[in-house]
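K.L.:
here is my input, please return the structure:
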Amino acid sequence: MDIDHKSMEAAGKAIHDDGGEFARAIIQDRSNVETLRVYLGEDEAALIFRRGKDGHPGYDAAQKDLDTALDNLSKSYEAIGAAVTAMSKNVKAADWANMVDKNAFVHGLVEFGKQQPKDIPVPTTPVELA
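P.N.:
Numbers count the residues shown, from 1 in each chain. Down below sits the predicted model:
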């Protein structure tokens, strides 16, 4: 499988980073919207708008749901980016394993590296000095 791992890992990091940037932007936007709350007032219409009525959710419930959805979206970007990077690393490992299986010389070296140290035979024949 031909994959440009450098490009794939860079894309994964960029997607992950986009999630962080998205989260920071949402925090700022949420703060901007929150400043408008003081203009809603405290009369009956404003309270119905914010709290809802007769089983219908109001602004506060919708805002909470939106906050949860945006938080999940931000985390999704980060998780997808991490998954793309992990996928590249997994393919690299699979490519290495495939290459080892197909190349007898490399396979032999890997198997040799797995061996446990063995005793080195030493001749025990007595030697006479002349």
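K.L.:
strands of this protein, start to end?
P.N.:
For the chain, the strands defined by DSSP state E cover 52-53, 56-57.
K.L.:
out of these, which one sits most buried?
P.N.:
Sort these by mean neighbour count, taking mean count of other CB atoms under 10 Å, and strand 52-53 sits at the top with a mean of 13. In this view, the C-beta of every residue, glycine as well, is placed from N, C-alpha and C.
K.L.:
so what strands line up beside it?
P.N.:
Using DSSP bridges, strand 52-53 pairs in its sheet with strand 56-57 (antiparallel).
K.L.:
what sits up against the strand it pairs with?
P.N.:
Asp65 (CB atoms under 8 Å, 6 or more residues apart in numbering).
K.L.:
what mean pLDDT does that strand have?
P.N.:
For strand 56-57, the mean pLDDT works out to 91.
K.L.:
any idea how far it is from the chain center?
P.N.:
Strand 56-57 has its C-alpha centroid displaced from the chain centroid by 36 Å (CA atoms, centre = their mean, to the nearest Å).
K.L.:
reformat the strands of the chain as CSV; add distance to Asp17.
P.N.:
Converted to CSV, these look like this (distance: least, CB to CB, whole Å):
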stretch, distance to Asp17
strand 52-53, 38
strand 56-57, 34
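K.L.:
point out where the chain drops to low pLDDT.
P.N.:
Filtered on pLDDT under 70, the chain yields the residue ranges 1-2, 100, 130.
K.L.:
find the residue at the geometric middle of it.
P.N.:
Compute the mean C-alpha point of the chain, and by CA atoms, centre = their mean the closest residue is Ala82, 2.0 Å away.
K.L.:
I figured it hits Asp17, correct?
P.N.:
No: under the criterion of CB atoms under 8 Å, Ala82 makes no contact with Asp17, lying 11.0 Å away.
K.L.:
can you count the residues close to Leu129?
P.N.:
Residues lying near Leu129 (other CB atoms under 10 Å) number 3.
K.L.:
now do the contacts for the residue nearest to the centre of the chain.
P.N.:
Ala82 neighbours (CB under 8 Å, 6+ apart): 12, 16.
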